[in-house]
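[1] no sequence for this one, just the structure:
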């Protein structure tokens, strides 16, 4: 019988948080395969027991993990065991719990599409848009929604059309890793021109740093209908950035981070945040669950970033809104398995151009 396969881990700075999300999801679903994606070495996949704890993965894959391979373009299922008695896993769909890196930027999604596997969460296009801070800022602005000025930060770039202090972020990466604040533009230029591991994938973006701004977040889903969670205001030290440690270190995923939930906001600002989230559900092609983050500065509200595979799948936001985590996951599986899978049309590739083409050698001169 087909079962969902919860996939977690992967080569990303958010590998550890992904493990916690995946184990939470596997427990909540109750009858699911659990697949661990190794972070180092050959980046292999392993079948593991869904009842394991996070501590079992401190040193990498746990004992008795069974090596799997992902057959791209193979038979149904895609994942199978290795060896002479190889057996395909009967996978109804993949529940993607891989935060950051190739699990959230479209790489994994493309591989699953080629393997013919259904999966939860963003498509290739929506994952790529959500991971690219510069492209997402442009999409927000084109939709007529407020976003702080955002430009590419390069060593040779001229000073942007806004004054410091400046906040510098990896263009491609999670929402809270590798973020730095600088008072002067010269310091920005020196930073982005120096060897920075978090900037290797595509450089950095720079925005005005609004000191004292508050964060605001809301979860979005479009199945079985468009729905928003309660608004939440993460609590932080005055003036500090809501960074990776504040989000994740206190406990399991984002569930244990301190927050005001529901957020106490003026009605007009709360309405504006919800309206922006509804618009961006379509603009960002939300699929599965996404978390939209805002910045609140005085009376101004700015869209900040979208997280297409959020920590704990935004479990804390949905449960505060009356939606149990198990039901959220069942709905995500239903969305992933509804309708036809992704097809790659070949209309027009009927050989007529090849038949009428001259010899290749004649085209090389």
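    All right, it came through fine. None of these values were measured; they are calculated from a predicted model. Numbering: from 1, shown residues only.

[2] where do the strands sit along the stretch 151-300 of the chain?
    Listed in chain order, the strands found in the stretch 151-300 of the chain under DSSP state E, counting those that start in this stretch are 151-153, 166-170, 180-182, 204-208, 214-221, 227-228, 233-234, 259-260, 290-297, 300-307.

[3] correct me, but residue 318 touches residue 328?
    Yes. With contact defined as CB atoms under 8 Å, residue 318 reaches residue 328; the gap is 5.2 Å. No exception for glycine: its C-beta is placed from N, CA and C like everyone else's.

[4] shared neighbours, those two?
    By CB atoms under 8 Å, 6 or more residues apart in numbering, residue 318 and residue 328 have these common neighbours: residue 289.

[5] could I get the strands of the stretch 151-300 of the chain as TSV with distance to residue 81, mean neighbour count and mean pLDDT?
    Formatted as TSV, the strands of the stretch 151-300 of the chain follow (distance: least, CB to CB, whole Å; neighbours: other CB atoms under 10 Å; pLDDT from 0 to 100):
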stretch	distance to residue 81	mean neighbour count	mean pLDDT
strand 151-153	45	19	93
strand 166-170	37	22	96
strand 180-182	44	18	96
strand 204-208	42	23	96
strand 214-221	33	24	97
strand 227-228	38	17	98
strand 233-234	42	18	94
strand 259-260	42	17	92
strand 290-297	33	22	97
strand 300-307	33	22	97
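
[6] nearest to residue 341, of those strands?
    strand 214-221 (20.2 Å; CB to CB).

[7] show me the contact partners of the closest one.
    Strand 214-221 is contacted from outside by 226-234, 236, 242, 263, 265, 273-274, 277, 280-281, 286, 288-297, 301, 304, 310, 314, 317-318, 321, 328, 331-332, using CB under 8 Å, 6+ apart.

[8] count the neighbours of residue 69 for me.
    By other CB atoms under 10 Å, 14 other residues sit near residue 69.

[9] same check on residue 329?
    Neighbour count for residue 329, taken as other CB under 10 Å: 25.

[10] go on, residue 187?
    Neighbour count of residue 187, defined by other CB under 10 Å: 16.

[11] how close does it get to residue 323?
    Distance, residue 187 to residue 323, by CB to CB, to the nearest Å: 45 Å.

[12] residue 135: how many residues sit nearby?
    By other CB under 10 Å, 15 other residues sit near residue 135.

[13] that one against residue 127, yeah?
    No. Contact between residue 135 and residue 127 fails when scored by CB under 8 Å: they sit 11.7 Å apart.

[14] shaky segments in the stretch 101-250 of the chain?
    Where the stretch 101-250 of the chain drops to pLDDT under 70, the residues are 175-176, 237-250.

[15] repeat that with 90
    Residue ranges of the stretch 101-250 of the chain with pLDDT under 90: 154-158, 173-178, 194-202, 235-250.
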